[in-house]
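*Asks:* Here is a sequence with its predicted model. Questions after.
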Protein chains: 2
Amino acid sequence: MARNLHLLLTVAWKNNSVMLIDQTKLPNKLVYVKCKDYKEVADAIKKLVVRGAPAIGVTAAFGLALAVQESKAKTLQELMTDLDTAFNTLRATRPTAVNLFWALERVMDKAKKARVLHEAKKVVLDEALKMSEEDIHANRQMGAIGAKLFRDGEVVLTHCNAGSLATVAYGTALGVIRAARESGKRLSVIATETRPVMQGSRLTAFELQHDGIDVSLIPDTAVGHMMAKGAISRVIVGADRVLRTGHVFNKIGTYQVAILANRHKVPFYVAAPLSTFDFESSPEDVVIEERSVDEVVKVGKKRIAPKRVRVFNPAFDMTPPELITGIITERGVLMPPFEKNLKALLG
Amino acid sequence: MARNLHLLLTVAWKNNSVMLIDQTKLPNKLVYVKCKDYKEVADAIKKLVVRGAPAIGVTAAFGLALAVQESKAKTLQELMTDLDTAFNTLRATRPTAVNLFWALERVMDKAKKARVLHEAKKVVLDEALKMSEEDIHANRQMGAIGAKLFRDGEVVLTHCNAGSLATVAYGTALGVIRAARESGKRLSVIATETRPVMQGSRLTAFELQHDGIDVSLIPDTAVGHMMAKGAISRVIVGADRVLRTGHVFNKIGTYQVAILANRHKVPFYVAAPLSTFDFESSPEDVVIEERSVDEVVKVGKKRIAPKRVRVFNPAFDMTPPELITGIITERGVLMPPFEKNLKALLG
């Protein structure tokens, strides 16, 4: 498995900066950007330089570590004020993925427990680094657990990118596929393009090709047709937020892939670490981000729709629990009824 | 309805040439191309300069008229040999839309009945011109019949382009929407982008905007989400081929839109003139065109997927009759059971 030596590292702390793969440049260029302050981090999250719920969470946590570095605070209280400012800026970048809020709050909670300035400064970076390691570990565990679900020779459809590039490394949904491959099973992946931002074409196809995993690309319009032909044996996707009821918020289009899977009796799995779970919210509480018109009417500089046309560009949708076969977490596969079984899983 | 004076004329015979709106240049430029021989016509069909089942049919018929002009035949037999050559070239351009075969065969049948050379030469162009007029007439009739199905204030989703630009003028599915608007009903249209060739963004949004009909664009991934929100009250699409059993072959993605409509209890209509019906074939006989990888991996010159990635790019899919509420034809609305009611409709 020599290829694993080259695992893409999407988010990293290096020389007191946050290093990110610039995902807006993929698949044409693999370049890293360096964020030296938390505002650059916030900007990178907004502009999708980094995306994917777990990757956003860890990146934001590192953003707080940058805020500590930038701070000229002489007292613990002054530091907490600076951290609060950074927290609010980072928190406002994107509204749907829960890992962002979870990560920021977890780091802030640690900082709040510090009794002296230098301790607070230290725990912020320590906690962010810990979360980065936990993310890879959770992905590996989901992989080991989820890989057992696959039979040899399966053709697996995935939507959007829940891979290395959506996490610190290894991936959630694609982590499961990687683990199945590492366990010796032959798998083929069908990636949907995932309009409008094309995470499937640009990122999933790129990273699976990078790792030597068999991948084919289809337009989002061809999912139903491929299922009707019997060309897909399983679906696996990631999640931006999972509610305790099993409602899954994920990239726009996930819901309809789930309906199509249901109609064609194709098992539909979600891979999501517990950091993606929101134990508080109800479906109607979750804000679905509406993104810019330009994502839909332009590709690069080329205009592909008439000027002044009205556009709806919701970035996420909600898949209800009745369409989900199982949710793969780092503690085991959650099967329906999700709410009841989640309690058991959490012990 | 002053705007109707400016109806787009997609295909026309003018000064012994075939004039086509170059649809590959839309929505950025509205330009016409002139085809002076049948090979240019065949090329225009292959390259999607002209597309849409009825428009392809009439264009191909005019292609035969060009073949007559080009022919140096001194005898009726020599002309028929030249026409056969042109017929075979035009017939091989695209495999799925049935209007192409129907139109070519109809013109050839007329020519074969001619007894002298000059009669054969005349009937080819006459028949092509007649079909062009019949197309507009059929669209107007479908419009009048279909418009009655709509209530005031509806939001209608359409996939691909079954508009003026898919016919000689006025359109099938969009013709019904135009007629409903002309009858005083307020309608809003939601157009799907329709990856990979973007007929929704480039053509449907363009022509509805051109006619002052309210239109919004959504990515193909947002259809399920919009339906779940209750934002769509009806679906209407065109067809490339309708079988006697009611199986509808249309642009890739139609099948999944039909499944989503079915799940959300949104009525799903097809508008198709009888020239789109194939009374002979069974579902398994129909060849689904697989188009080039470049349609998926490039937008203009910009690459949006990694090099050498495998791509599946089927241009059409099949929607089974159980997902179709009704099929609007120029003779009335065909309701299930389609096979039985089609016999009655044809009398």
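*Replies:* Perfect, thanks for sending it. Everything quoted here is computed from the prediction, not taken from an experiment.
*Asks:* How about the stretch 1-150 of chain A: which residue is closest to chain B?
*Replies:* residue A:27 (4.1 Å; CB to the nearest CB). The way it works is simple: take the backbone N, C-alpha and C, and place the C-beta from them, glycine included.
*Asks:* gap between that residue and residue A:191?
*Replies:* To residue A:191, residue A:27 is 12 Å away according to CB to CB, to the nearest Å.
*Asks:* which residues are common contacts for those two?
*Replies:* A:201, A:205 (CB atoms under 8 Å, 6 or more residues apart in numbering or on different chains).
*Asks:* higher neighbour count, these two?
*Replies:* residue A:191 (29 against 23; other CB atoms under 10 Å in any protein chain shown).
*Asks:* can I assume that one sits in a helix?
*Replies:* No - the assignment for residue A:191, made by DSSP: H, G, I helix; E, B strand; the rest coil, is strand rather than a helix.
*Asks:* ok so, going back, Three-state assignment for the residue of the stretch 1-150 of chain A closest to chain B, please.
*Replies:* Criterion first, three-state DSSP; result for residue A:27: coil.
*Asks:* Check what pLDDT it gets.
*Replies:* In this model, residue A:27 is scored at 95, pLDDT.
*Asks:* ok, it touching residue A:205?
*Replies:* Yes - using CB atoms under 8 Å, residue A:27 makes contact with residue A:205 at a distance of 6.9 Å.
*Asks:* which neighbours do these two share?
*Replies:* With CB under 8 Å, 6+ apart as the test, residue A:27 and residue A:205 both reach B:305-306.
*Asks:* Using CSV, write out the CA atom coordinates for stretch A:96-105.
*Replies:* Extracted as CSV, the C-alpha positions of stretch A:96-105 are listed here (Å, rounded to 0.1, in the frame of the first residue of the first chain):
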residue,chain,number,x,y,z
THR,A,96,-24.9,24.4,7.7
ALA,A,97,-22.0,22.1,8.6
VAL,A,98,-22.1,21.5,12.3
ASN,A,99,-18.5,20.5,12.8
LEU,A,100,-17.6,24.2,12.4
PHE,A,101,-19.6,25.1,15.6
TRP,A,102,-18.6,22.0,17.4
ALA,A,103,-14.9,22.5,16.8
LEU,A,104,-14.9,26.2,17.7
GLU,A,105,-16.9,25.6,20.9
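*Asks:* That stretch: which residues count as buried?
*Replies:* Of all the residues in stretch A:96-105, those buried under the rule 16 or more other CB atoms under 10 Å in any protein chain shown are A:96-104.
*Asks:* can you put those in JSON lines and add pLDDT and secondary structure?
*Replies:* As requested, the buried residues of stretch A:96-105 are exported to JSON lines (pLDDT from 0 to 100; DSSP: H, G, I helix; E, B strand; the rest coil):
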{"residue": "A:96", "pLDDT": "93", "secondary structure": "coil"}
{"residue": "A:97", "pLDDT": "90", "secondary structure": "coil"}
{"residue": "A:98", "pLDDT": "94", "secondary structure": "helix"}
{"residue": "A:99", "pLDDT": "96", "secondary structure": "helix"}
{"residue": "A:100", "pLDDT": "97", "secondary structure": "helix"}
{"residue": "A:101", "pLDDT": "97", "secondary structure": "helix"}
{"residue": "A:102", "pLDDT": "97", "secondary structure": "helix"}
{"residue": "A:103", "pLDDT": "98", "secondary structure": "helix"}
{"residue": "A:104", "pLDDT": "98", "secondary structure": "helix"}
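*Asks:* How about the residues of the stretch 1-150 of chain A by chain B?
*Replies:* A:27-28 (CB under 8 Å from any CB of the partner chain).
*Asks:* all helices of the stretch 1-150 of chain A, in order?
*Replies:* Remark: helices assigned in the stretch 1-150 of chain A by DSSP state H, counting those that start in this stretch are A:38-46, A:53-70, A:76-91, A:98-113, A:117-147.
*Asks:* Tell me which of those is the most buried.
*Replies:* helix A:53-70 (a mean of 27; mean count of other CB atoms under 10 Å in any protein chain shown).
*Asks:* got the CA positions of it in PDB?
*Replies:* C-alpha atoms of helix A:53-70 as PDB (Å, rounded to 0.1, in the frame of the first residue of the first chain):
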ATOM      1  CA  ALA A  53     -17.500  19.400   7.300                       C
ATOM      2  CA  PRO A  54     -14.700  17.700   9.200                       C
ATOM      3  CA  ALA A  55     -12.000  19.700   7.400                       C
ATOM      4  CA  ILE A  56     -13.800  23.000   8.100                       C
ATOM      5  CA  GLY A  57     -14.000  22.100  11.800                       C
ATOM      6  CA  VAL A  58     -10.300  21.500  12.200                       C
ATOM      7  CA  THR A  59      -9.400  24.500  10.000                       C
ATOM      8  CA  ALA A  60     -11.500  26.800  12.200                       C
ATOM      9  CA  ALA A  61      -9.900  25.300  15.300                       C
ATOM     10  CA  PHE A  62      -6.500  26.200  13.900                       C
ATOM     11  CA  GLY A  63      -7.900  29.600  13.100                       C
ATOM     12  CA  LEU A  64      -8.400  30.200  16.800                       C
ATOM     13  CA  ALA A  65      -4.800  29.100  17.300                       C
ATOM     14  CA  LEU A  66      -3.800  31.800  14.900                       C
ATOM     15  CA  ALA A  67      -5.900  34.300  16.800                       C
ATOM     16  CA  VAL A  68      -3.900  33.400  19.900                       C
ATOM     17  CA  GLN A  69      -0.600  34.100  18.000                       C
ATOM     18  CA  GLU A  70      -2.000  37.400  16.700                       C
END
